[in-house]
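[1] Below: sequence and its predicted model.
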Amino acid sequence: QVQLVESGGGLVQAGGSLTLSCAASGTIFGLNAMAWMHWYRQAPGKQRDLVASIGRSGFTNYADSVKGRFTVSRDNAKNTAYLQMNSLKPEDTAVYYCNAKGDSRLGYTDYWGQGTQVTVSS
């Protein structure tokens, strides 16, 4: 059973930084079994939006709202993905979720973490 556990959320002032982690367990191939790692966020009363993605090869993609401020990375040896968030703004306040798209050739599907709250005060 694949599990994703996020950590690193908290309260920070505008302009500050946080690094979120997403630790994966339950796969014999480690994070290499996950073709894509995504970070989503959901603010109260709003839909869940894709923030950043990283492929197994290291290819990255970002939402326009976070380009230049957020950096997504993955350490396959540590089975962990990260989201480094700099120059945080109050509008970045949301619950952040880690999502893993498994390699179907290895029998893996789609997995979600429980979410971690990020609150940015003005």
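    Structure's in. What do you need? Numbering: from 1, shown residues only.
[2] Report the beta-bridge partner residues of the residue most central in space within the chain.
    With distances taken as CA atoms, centre = their mean, the chain has Trp39 as the residue nearest its mean C-alpha position (3.1 Å). Each beta-bridge partner of Trp39 is listed here: Ala52, Cys98, as defined by DSSP bridges.
[3] now it: how far from Gly115?
    Trp39 sits 11 Å away from Gly115, going by CB to CB, to the nearest Å. All C-beta spots, glycine's among them, are computed from the backbone N, C-alpha and C.
[4] same deal with Ser17?
    The span separating Ser17 from Gly115 equals 20 Å under the rule CB to CB.
[5] Please say which of these two ends up with more neighbours.
    Gly115 (17 against 11; other CB atoms under 10 Å).
[6] Thought Arg48 was touching the more buried one, still the case?
    No - counting by CB atoms under 8 Å, no contact exists between Gly115 and Arg48, whose distance comes to 9.7 Å.
[7] For those two, list the residues in contact with both.
    Common neighbours of Gly115 and Arg48, counting by CB atoms under 8 Å, 6 or more residues apart in numbering, are 42, 97.
[8] Helix or strand for Pro44, just tell me which one.
    Here Pro44, judged by DSSP states H and E, is contained in no helix and no strand.
[9] and if you look at the one 10 residues further on?
    In this structure, Ile54 sits in strand 49-55 according to DSSP H and E.
[10] on contacts alone, who are the packing partners of that strand?
    The helices and strands touching strand 49-55, judged by 3 or more CB pairs under 8 Å, 6 or more residues apart in numbering; DSSP states H and E, are strand 34-42, strand 60-62, strand 70-75, strand 80-85.
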